[in-house]
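Student: The following block contains a protein sequence and its predicted model.
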Amino acid sequence: MKWTLSQLQKYRNKDFLIDEIIRVDEIKETDPSIREVSPMHITGRGDIDSTKVTFHLKIDGYLILPCSRTLVDVKLPINVETTETFLLQGSEYETEEESHQVKGDMIDIKPIIREILLLEVPMQVFCDDVDSDEAAPQSGKDWEVIHEEDQTKKIDPRLAGLAKFFDENNSSDS
């Protein structure tokens, strides 16, 4: 996904649509926890004017990462939207948005896509398929994995009598 500035200037004030599939397998070398990278489908458009080129991109694909509990492969879907701006005239703009300087006469967005994908890798990934033989066990002797939603609905049995006490007070106040 490289273009020369002269190629891009042909699309000034016209639609420059992007619909490509790229491979970014080299991010596995940067982050060894990434086991596999699918081909990434990049769609979007480029807005080209005399001072800057702005790409509005959507990145779709998936990464295979190890489960933090069992090291089983987990498929992490990637669905990211980003806007990347390349300044053609140096840094005469003082903008709040992050922008990139064009080096030479080529714009290459593949390194930026690689960086975005690396930022999408979470600290921990858990396998959701609890029925799989390779998944982490959900219970054992004297323990069980509980979810926060289940815990908020339950009343601690040691405090059940206290809940009744407040119910009695409310009915006597009326």
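Tutor: Looks like it came in fine.
Student: Do a quick rundown of the strands in the chain.
Tutor: 2-4, 16-22, 36-37, 40-48, 52-66, 73-87, 99-101, 106-108, 139-140, 143-144 (DSSP state E).
Student: closest to Leu118 out of these?
Tutor: strand 52-66 (9.8 Å; C-beta to C-beta). C-beta here means a position set from N, CA and C on the backbone, and glycine is covered the same way.
Student: chain center to that closest one: distance?
Tutor: Relative to its chain's centre, strand 52-66 lies at 9 Å (C-alpha atoms, centre = their mean, to the nearest Å).
Student: neighbouring strands for that strand, and are they parallel or not?
Tutor: strand 36-37 (antiparallel), strand 40-48 (antiparallel), strand 73-87 (antiparallel) (DSSP bridges).
Student: can I get the ones you listed in CSV with mean pLDDT?
Tutor: Listed next are the strands paired with strand 52-66 as CSV, based on pLDDT from 0 to 100:
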stretch, mean pLDDT
strand 36-37, 92
strand 40-48, 92
strand 73-87, 90
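Student: In contact with the residue nearest to the spatial centre of the chain, which residues?
Tutor: Centroid-nearest residue in the chain: Glu120, 3.6 Å away (criterion: C-alpha atoms, centre = their mean). With contacts defined as C-beta atoms under 8 Å, 6 or more residues apart in numbering, Glu120 is in contact with 63, 76, 78, 80.
Student: again, only this time at 6 Å
Tutor: Ile78 (C-beta atoms under 6 Å, 6 or more residues apart in numbering).
Student: could you measure it against Leu76, distance?
Tutor: 8 Å (C-beta to C-beta, to the nearest Å).
Student: hang on, the earlier thing: so what's the predicted local confidence for the residue nearest to the centre of the chain?
Tutor: Note on Glu120: pLDDT of 91.
Student: Helix or strand with the lowest mean pLDDT in this protein?
Tutor: None of the helices or strands of the chain scores lower by mean pLDDT, DSSP states H and E than helix 148-153, at a mean of 65.
Student: For this protein, give me the ranges with low pLDDT.
Tutor: 90-97, 129-138, 149-154, 168-174 (pLDDT under 70).
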